[in-house]
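Visitor: The sequence and its predicted three-dimensional model are supplied below.
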Amino acid sequence: MKKILFLGLLFNERSLYDAYKCSKCGVQMAPHIYQKRIIDGIRNRSDTELSLLSVPPVGSFPMNYKKPIIKNEKNGWDVQVGFINFPIIKHKIQKAKIIKEIEKRISDSKDFIIILYSLYPPFVYAASEIKRRYPNVHISLIQTDAVPGRNDMERYMTKERIRVGNELINKSKVFDSFIILSKYLDEPLEIENRKSIILECVCDKNQKENCRKESSDNIFLYSGTLDKEFGVENLINAFKKLPEAQLWICGNGNCKEFLINAAKEYGNIKYFGFLTQAEVNDLRDKCDYLINPRTPTGTYTKYSFPSKTAEYMMSGKPVVMYKLEGVPDEYDDYLIYLNDSTPDGIAEELSMIIKADYGIYLSKASKGRKFMLENKTSDIAAEKIIRFLTE
């Protein structure tokens, strides 16, 4: 029986409820869902025993979060680590508590595996210290994003940020293996001759297919972060030039005011605000295409597989997006790729799409959903991870 300890940046039920009430900078659900699906997949197996040490990924008090104290919570061997939620001190408290909790569970055996999610400093420092004390323990890092201090989309690329990034990489030199979102993470993580596998997404096998429409009303839906850096402004400007199609958008971000003004002026652009998942799903039933305007600009996209891609594909609706470097070629048969990122170019390409046979796109989308169910579910991801860690 393999014993696995998962160090995760995710919420339990109570902390997720608190995060929606207290966060001043939004709640990042995509990493939470990714980790949760991996954990559920491993726990569905009979040959492994998994316990969880988690830290809720919330901003610091008082700038980004309304609570100064995060409580310690325990459910069997699963522990959510509590801490004083002030900058700097929170990391020191988390590291100390994580080491203490690991030592309650650990055995100096190759049958004991620690999986940690991301280059989160308390996790990296704690895991490297544990590796020093228990060299036979296998430690595997999951990295689903660009390495801190090593990508050109960081808004605050300071010398300190670069120093911290380099220190985290040096600490991770003692780790045994890596589970990465993109093959391009090999270099910034300095994996070299250590083992690695790619796990770009994990889908929910129980996600229902959205209602299928036999003919198109030319409705494109985007649900997500409304930031200019993600191509949202250019997408809005493209639909100003495309009155024969509709753009439905929900979410929040720095393009929100621009979007509201565009929706007032152009009848084919509709903003629905920040919606629950159930409300987003209702819009998906009514739309014809799901679109993601993130463009392949900057080195960051080499390390990115938008979680929205998997979620969109599972809907069974045609998916329109750009070919990002971090999207493996095996997805190409199931997606509709844009090439031009200018408003005029986007409008022209979307015009060509809506003039084509919608049935062809529905067939592509149906095959895409089947591909996800056969290759990317939590159970399949767990099988891949366990085989990788134990072979």
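Guide: Received the coordinates, thanks.
Visitor: Of all the residues in stretch 68-86, which ones are buried?
Guide: Buried residues in stretch 68-86, defined by neighbour count with 16 or more other Cβ atoms under 10 Å: Ile70, Glu73, Asp78, Val79, Gln80, Val81, Gly82, Phe83, Asn85. In this view, the C-beta of every residue, glycine as well, is placed from N, C-alpha and C.
Visitor: and the residue nearest to the third one when sequence neighbours are not counted, what does it touch?
Guide: To tie it back to what came earlier, the one meant is Asp78. Spatial nearest neighbour of Asp78, excluding adjacent residues (Cβ to Cβ, 6 or more residues apart in numbering): Leu52 at 4.3 Å. By Cβ atoms under 8 Å, 6 or more residues apart in numbering, the contact list for Leu52 reads Leu5, Phe6, Gly8, Ile39, Trp77, Asp78, Val79.
Visitor: now Leu52: how far from Ala263?
Guide: From Leu52 across to Ala263, the span is 43 Å (Cβ to Cβ, to the nearest Å).
Visitor: next one: Gln28
Guide: To Ala263, Gln28 is 26 Å away according to Cβ to Cβ.
Visitor: Out of these two, name the residue with the larger neighbour count.
Guide: Comparing Gln28 with Ala263 by other Cβ atoms under 10 Å, the one with more neighbours is Ala263, at 18 against 15.
Visitor: tell me the SS of that one?
Guide: Following DSSP: H, G, I helix; E, B strand; the rest coil, the label given to Ala263 is helix.
Visitor: What sits closest to Ala382 if chain neighbours are left out?
Guide: Counting by Cβ to Cβ, 6+ apart, Ala382 lies nearest to Gly41, which is 3.1 Å off, once chain neighbours are set aside.
Visitor: so where does that neighbour fall, helix or strand?
Guide: helix 29-43 (DSSP states H and E).
Visitor: Show me what that helix is packed up against.
Guide: Contact here means 3 or more Cβ pairs under 8 Å, 6 or more residues apart in numbering; DSSP states H and E; on that basis helix 29-43 packs against strand 2-8, strand 48-54, helix 307-315, helix 378-390.
Visitor: ok, back up a step: any chance of the buried residues of stretch 68-86 in JSON lines, plus distance to Tyr312 and pLDDT?
Guide: Shown next, in JSON lines, are the buried residues of stretch 68-86 (distance: Cβ to Cβ, whole Å; pLDDT from 0 to 100):
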{"residue": "Ile70", "distance to Tyr312": "33", "pLDDT": "97"}
{"residue": "Glu73", "distance to Tyr312": "34", "pLDDT": "96"}
{"residue": "Asp78", "distance to Tyr312": "31", "pLDDT": "96"}
{"residue": "Val79", "distance to Tyr312": "35", "pLDDT": "97"}
{"residue": "Gln80", "distance to Tyr312": "31", "pLDDT": "98"}
{"residue": "Val81", "distance to Tyr312": "34", "pLDDT": "97"}
{"residue": "Gly82", "distance to Tyr312": "37", "pLDDT": "97"}
{"residue": "Phe83", "distance to Tyr312": "36", "pLDDT": "98"}
{"residue": "Asn85", "distance to Tyr312": "34", "pLDDT": "98"}
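Visitor: Just name the closest of the residues you listed to Lys24, please.
Guide: Distance ranking of the buried residues of stretch 68-86 against Lys24, using Cβ to Cβ, places Asn85 first at 12.3 Å.
Visitor: Tell me the spacing between the nearest residue to that closest one once chain neighbours are set aside and Cys203.
Guide: Distances taken as Cβ to Cβ, 6+ apart put Phe61 closest to Asn85, at 4.4 Å, once the chain neighbours are dropped. Applying Cβ to Cβ, the value for Phe61 to Cys203 is 35 Å.
Visitor: same deal with Asn237?
Guide: As judged by Cβ to Cβ, Asn237 and Cys203 stand 32 Å apart.
Visitor: Ok, Leu290 next?
Guide: Distance of Leu290 to Cys203, given as Cβ to Cβ: 14 Å.
Visitor: again, but for Lys384
Guide: Distance, Lys384 to Cys203, by Cβ to Cβ: 13 Å.
Visitor: and those two? which has more neighbours close in?
Guide: Higher neighbour count among Lys384 and Cys203: Cys203, with 23 against 18, using other Cβ under 10 Å.
Visitor: In contact with that one, which residues?
Guide: Contact partners of Cys203, counting by Cβ under 8 Å, 6+ apart, are Arg37, Ala310, Glu311, Met313, Met314, Met372, Leu373, Lys376, Thr377, Ser378.
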